[in-house]
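A.B. asks: coords please:
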Amino acid sequence: MRLSTPSPAGFQAQKHALVRVLIVDLEIDDVKRLRATFERDHGFRVHSVRSLDEAEQMLGDPAFDVALIESSLWSPNGADLVRFVRENRLDLAVVLLAAGDPREALPALKLGAHDFISKQFLDDAEHVTARVLAAVDENRTLRRRDTMVRWLEREARTDHMTGLGNRHAFDEHLQRTCAEARSAGEPVALIIVDVTGTRQVNEAYGHHAGDAMIRRAARAVAHSVRSCDFAARIGGDDFGLVIRGGDMELARRIARRIAHEIERLNHEGQDGDIPVSVSFGVASGPAGDPAELFAAADQQLSAHKGLRPAVTPFFSRSEDDGPSVA
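C.D. replies: Numbers count the residues shown, from 1 in each chain. Predicted coordinates:
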């Protein structure tokens, strides 16, 4: 029995483990030629479809690494297919099958494909498989790069002690929220939470004790806000919360819930844990200048900080948290 020997491109495919290919072409003869080409190597599994509806259905399956699509289908006329892949399969490499002059594929390449193969070379196994594997490698490299960029962007906006946003992220979010709310005619509320006494705790017990207070306050904040709100650590012992669509009543409810959660965490703390106390500054109004909104909340905070409250200057345990902050 004669054993088939993979081409150099076939060995490259084997290094990629298994490359799963979907062919989208209306010409059955071209599909047969491609199938015969890929069958000469062992590193590919090939499926084919002959309509845009079938293509969308098959491409919804994440099993495919690369789609070979007739270039006339990857065009404004096939905009639904282009949009579907862009929105649902960024992990998929796209290689166009170009009939006639390869330059005719250039407009389709601008829609986001990775490469093209002229149909006159469909019988050339090394050419086809090399172009396909290069497109798969390029897409995987781009995806890794995009993932790294997103990770770095997230790291640049995260406070590492608490896991909340940092001051840079807070300023960006406040600016964006005010602009969007202004266009929508919605109010914006801002809450500043100050953890009191951290400087004295740091001096008396060390920074690890003050850091523990900050982290406990951060847990209370994260547990108490709604999913649509944004919370960040904006200073050494200060937190800021941006409440989109929030009036003063809603902002006070959220602040009250934070206060009650801090009381609960203080009660459940271990022996030796230093209780956390906080002050609040709350402001709300029609979305205007973010600096003015922040100044109003900071002014109220300054007034309350002089009271040195145990937990909060204007909330009592008898007040209802209300369903709007659940």
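A.B. asks: middle-most residue in the chain, spatially?
C.D. replies: The residue lying closest to the centre of the chain (CA atoms, centre = their mean) is Arg150, at 7.5 Å.
A.B. asks: just to confirm, which helix or strand has it in it?
C.D. replies: Using DSSP states H and E, Arg150 falls within helix 125-156.
A.B. asks: centre of the chain to that helix, how far?
C.D. replies: How far helix 125-156 lies from its chain's middle: 18 Å, per CA atoms, centre = their mean, to the nearest Å.
A.B. asks: ok, now stretch 264-275?
C.D. replies: 35 Å.
A.B. asks: what do you get for stretch 218-230?
C.D. replies: How far stretch 218-230 lies from its chain's middle: 18 Å, per CA atoms, centre = their mean.
A.B. asks: in it, what counts as buried?
C.D. replies: By neighbour count on 16 or more other CB atoms under 10 Å, the buried set for stretch 218-230 is Ala218, Arg219, Ala220, Val221, Ser224, Val225, Arg226, Asp229, Phe230. Any C-beta I mention is one placed from the backbone N, CA and C, and that applies to glycine too.
A.B. asks: what's the span of that stretch from first residue to last?
C.D. replies: One end of stretch 218-230 to the other measures 12 Å (CA to CA, to the nearest Å).
A.B. asks: Throw the buried residues of stretch 218-230 into JSON lines and include pLDDT and secondary structure, thanks.
C.D. replies: As requested, those are exported to JSON lines (pLDDT from 0 to 100; DSSP: H, G, I helix; E, B strand; the rest coil):
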{"residue": "Ala218", "pLDDT": "95", "secondary structure": "helix"}
{"residue": "Arg219", "pLDDT": "94", "secondary structure": "helix"}
{"residue": "Ala220", "pLDDT": "95", "secondary structure": "helix"}
{"residue": "Val221", "pLDDT": "95", "secondary structure": "helix"}
{"residue": "Ser224", "pLDDT": "93", "secondary structure": "helix"}
{"residue": "Val225", "pLDDT": "91", "secondary structure": "coil"}
{"residue": "Arg226", "pLDDT": "90", "secondary structure": "coil"}
{"residue": "Asp229", "pLDDT": "93", "secondary structure": "coil"}
{"residue": "Phe230", "pLDDT": "95", "secondary structure": "strand"}
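A.B. asks: thinking again about what came up before, now the element after the helix holding Arg150, going C-ward?
C.D. replies: Using DSSP H and E, the helix or strand that directly follows helix 125-156 along the chain is helix 167-184.
A.B. asks: what comes into contact with that next one?
C.D. replies: 156-158, 165, 187-188, 190, 230, 232-235, 240, 242, 244-245, 286-290, 293-294 (CB atoms under 8 Å, 6 or more residues apart in numbering).
A.B. asks: so who does Leu97 touch?
C.D. replies: Leu97 is in contact with Asp25, Asp30, Leu34, Leu68, Ile69, Glu70, Ser71, Phe116, Ile117, Lys119, Leu122, counting by CB under 8 Å, 6+ apart.
A.B. asks: so is the second one in a helix, a strand, or just coil?
C.D. replies: Which is Asp30. For Asp30, the assignment made with DSSP: H, G, I helix; E, B strand; the rest coil gives helix.
A.B. asks: find me the pLDDT at it, would you?
C.D. replies: Model confidence at Asp30, given as pLDDT, is 93.
A.B. asks: report how many residues lie close to it.
C.D. replies: Asp30: 18 surrounding residues under other CB atoms under 10 Å.
A.B. asks: cool, the fourth one as well?
C.D. replies: For Leu68, the number of neighbouring residues by other CB under 10 Å comes to 27.
A.B. asks: circling back to that earlier point, what about the helix holding Arg150, average pLDDT?
C.D. replies: Mean pLDDT, helix 125-156: 86.
A.B. asks: okay, buried residues for that helix please.
C.D. replies: Per 16+ other CB under 10 Å, helix 125-156 contains these buried residues: Ala125, Glu126, Val128, Thr129, Ala130, Arg131, Val132, Leu133, Ala134, Ala135, Val136, Asn139.
A.B. asks: mind putting the contacts of Leu97 into TSV with distance to Leu97 and secondary structure?
C.D. replies: Formatted as TSV, the contacts of Leu97 follow (distance: CB to CB, whole Å; DSSP: H, G, I helix; E, B strand; the rest coil):
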residue	distance to Leu97	secondary structure
Asp25	6	coil
Asp30	7	helix
Leu34	8	helix
Leu68	6	strand
Ile69	7	strand
Glu70	5	strand
Ser71	6	coil
Phe116	7	strand
Ile117	6	strand
Lys119	6	helix
Leu122	8	coil
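A.B. asks: out of these, which is nearest to Glu263?
C.D. replies: Using CB to CB, Ile69 comes nearest to Glu263 of the contacts of Leu97, at 60.3 Å.
A.B. asks: hmm, the closest one is touching Ala98, no?
C.D. replies: No - in this structure, Ile69 is not within contact of Ala98 by CB atoms under 8 Å, at 10.4 Å.
A.B. asks: neighbour-wise, which of those two wins?
C.D. replies: Ranked by neighbour count (other CB under 10 Å), Ile69 and Ala98 place Ile69 first, with 28 against 22.
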